[in-house]
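Undergrad: just to be clear, the model below is a prediction. Sequence and coordinates:
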Amino acid sequence: MNIEQMKDRAERMLKELKTERDDLKVQLHLLSLDAKEEWNELENKYEKFKAKASVVADVAGDSAEEVGEALKLVGDELREGYKRIRRSM
């Protein structure tokens, strides 16, 4: 995967996560205490993901692949966390 593909993948994932995050944020007041705690943890991870996704294009070579994989793992973790919160609603 080249740098441009990684950048596109990171941007698509960020857009998808932002949409899910924004939708859940609107309904946050309805969430149980456990879901709110998980939300707060996911918010920290989301902010870190967002920062890393914005600089992925600056990484070159093998390290770009590693960063891309790390972003995918964090993105998948966020996605699963958002699903758990949605199911608890």
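TA: Thanks, I have the structure now. All figures in this text were calculated on a predicted structure; none of them were measured in a lab.

Undergrad: how about the helices in this structure?
TA: 3-26, 33-55, 61-87 (DSSP state H).

Undergrad: possible to save those as TSV with mean pLDDT and mean neighbour count?
TA: In this view, the C-beta of every residue, glycine as well, is placed from N, C-alpha and C. Output for these, formatted as TSV (pLDDT from 0 to 100; neighbours: other CB atoms under 10 Å):
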stretch	mean pLDDT	mean neighbour count
helix 3-26	87	15
helix 33-55	85	14
helix 61-87	82	15
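
Undergrad: shouldn't Ile38 be in contact with Arg84?
TA: Ile isn't right for residue 38; it's Glu. Yes: judged on CB atoms under 8 Å, Glu38 makes contact with Arg84 at a distance of 6.6 Å.

Undergrad: center of this structure - which residue?
TA: Residue closest to the average C-alpha location in the chain (CA atoms, centre = their mean): Gly75, at 3.9 Å.

Undergrad: distance check, that residue against Gly68.
TA: 10 Å (CB to CB, to the nearest Å).

Undergrad: related to what we said a few turns ago, wait, what's in contact with the residue nearest to the centre of the chain?
TA: By CB atoms under 8 Å, 6 or more residues apart in numbering, Gly75 lies in contact with Met13, Leu14, Leu17, Phe49.

Undergrad: ok, and the closest non-adjacent residue to the first one?
TA: Going back to what we said before, that points to Met13. Nearest residue to Met13 in three dimensions, chain neighbours excluded: Gly75, at 4.4 Å (CB to CB, 6 or more residues apart in numbering).

Undergrad: how far away is the closest residue to Leu71 other than its chain neighbours from Gly68?
TA: Closest residue in space to Leu71, ignoring its immediate chain neighbours: Ala10 at 5.5 Å, by CB to CB, 6+ apart. Distance of Ala10 to Gly68, computed by CB to CB: 7 Å.

Undergrad: what does Asp34 give?
TA: To Gly68, Asp34 is 32 Å away according to CB to CB.

Undergrad: what do you get for Leu78?
TA: On the measure of CB to CB, Leu78 and Gly68 end up 16 Å apart.
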